[in-house]
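In: Structure here, sequence nowhere to be found:
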Ligand code: SAH
């Protein structure tokens with residue numbers, strides 16, 4: 001399988017026609033080798049237009065959703081970004097091309113370990129095992145926060161870890177369906193904008209869902 005050609009087709013057929021037009025975002029998707037973040041037996045589908053299982057009942061999102069969330073953050077390269085839900089590490093790798101430093105938290109040790117292996121060559125990504133709903137207070141505040149798991153509300157500690165003018169994006173809703181929602185911190189108030197309906201695995205933690213659904 002020619003992964004490079006598949007990556008180019010993914011950008012041309014799945015991202016550009018749906019409105020992903022930020023050149024830097026498109027370049028990140030051309031560069032990051034998505035297949036390396038996918039379990040070996042599924043690598044033939046690495047560039048397909050749907051999510052894939054990554055173990056522990058979790059999934060790597062469809063490329064378009066990763067792109068949509070990334071583009072919404074409007075990164076210029078100077079930012080410190082927090083990701084909740086490292087999963088495969090793919091979203092973190094994309095962010096690392098567009099921001100200065102990426103901090104990413106994952107609750108399953110085995111997934112963090114896998115992601116760390118694939119991300120070994122990326123020197124601006126920092127990962128840790130833990131409950132991401134608590135944020136990463138030692139590294140706060142962040143210019144942008146991206147939550148890649150569904151939550152009924154914004155985890156409270158994260159609001160205090162977002163800079164003035166900072167952006168936070170998450171799938172907000174119940175366990176069946178959510179609204180991808182972008183928040184901007186304006187003078188301490190979070191202004192929200194709906195992006196599109198979506199379906200993510202649940203955010204399980206102290207300030208998310210309290211159990212696997
Ligand atoms: N961003 C990932 C996709 C993640 S799927 C990627 O690019 O592959 C959502 C991930 O969030 C899962 O791996 C899940 O284990 C993790 N997660 C759920 N609740 C969490 C929490 N409270 N803290 C950290 N990670 C959490």
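Out: All right, it came through fine. Just so it is clear, the model here is predicted, and its values are computed rather than measured. Residues are numbered from 1 along each chain as shown.
In: How about the longest strand belonging to the chain and the ligand, touching?
Out: For the chain, the strand with the greatest residue count under DSSP state E is strand 162-173. No - using C-beta under 6 Å from any ligand atom, strand 162-173 stays clear of the ligand, coming no nearer than 9.8 Å. Glycine gets a C-beta too; all of them are placed from N, C-alpha and C.
In: tell me which element the closest residue to residue 72 other than its chain neighbours falls in.
Out: Using C-beta to C-beta, 6 or more residues apart in numbering and skipping the chain neighbours, the partner closest in space to residue 72 is residue 182 (5.0 Å). Assigned by DSSP states H and E, residue 182 belongs to strand 178-186.
In: So what touches that strand?
Out: By C-beta atoms under 8 Å, 6 or more residues apart in numbering, the surrounding residues in contact with strand 178-186 are 65, 68-69, 72, 150, 154, 159, 162-173, 190-200.
In: Helices of this protein, start to end?
Out: Ranges of helices in the chain, per DSSP state H, are 3-10, 23-31, 63-72, 90-96, 109-118, 156-159.
In: Pick the most deeply packed of those.
Out: Mean neighbour count (mean count of other C-beta atoms under 10 Å) peaks for helix 90-96 among those, with a mean of 25.
In: Quick one: mean pLDDT over that helix.
Out: Across helix 90-96, pLDDT averages out at 98.
In: elements contacting it?
Out: helix 23-31, helix 63-72, strand 80-84, strand 101-106, strand 125-129 (3 or more C-beta pairs under 8 Å, 6 or more residues apart in numbering; DSSP states H and E).
In: could I get those as a markdown table with distance to the ligand and mean pLDDT?
Out: A markdown table is the format used below for the helices and strands packed on helix 90-96 (distance: least, C-beta to the nearest ligand atom, whole Å; pLDDT from 0 to 100):
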| stretch | distance to the ligand | mean pLDDT |
| --- | --- | --- |
| helix 23-31 | 13 | 98 |
| helix 63-72 | 6 | 98 |
| strand 80-84 | 5 | 98 |
| strand 101-106 | 5 | 98 |
| strand 125-129 | 8 | 98 |
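In: Can you add distance to residue 118 and give these back as TSV?
Out: Shown next, in TSV, are the helices and strands packed on helix 90-96 (distance: least, C-beta to C-beta, whole Å):
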stretch	distance to residue 118
helix 23-31	14
helix 63-72	15
strand 80-84	15
strand 101-106	12
strand 125-129	10
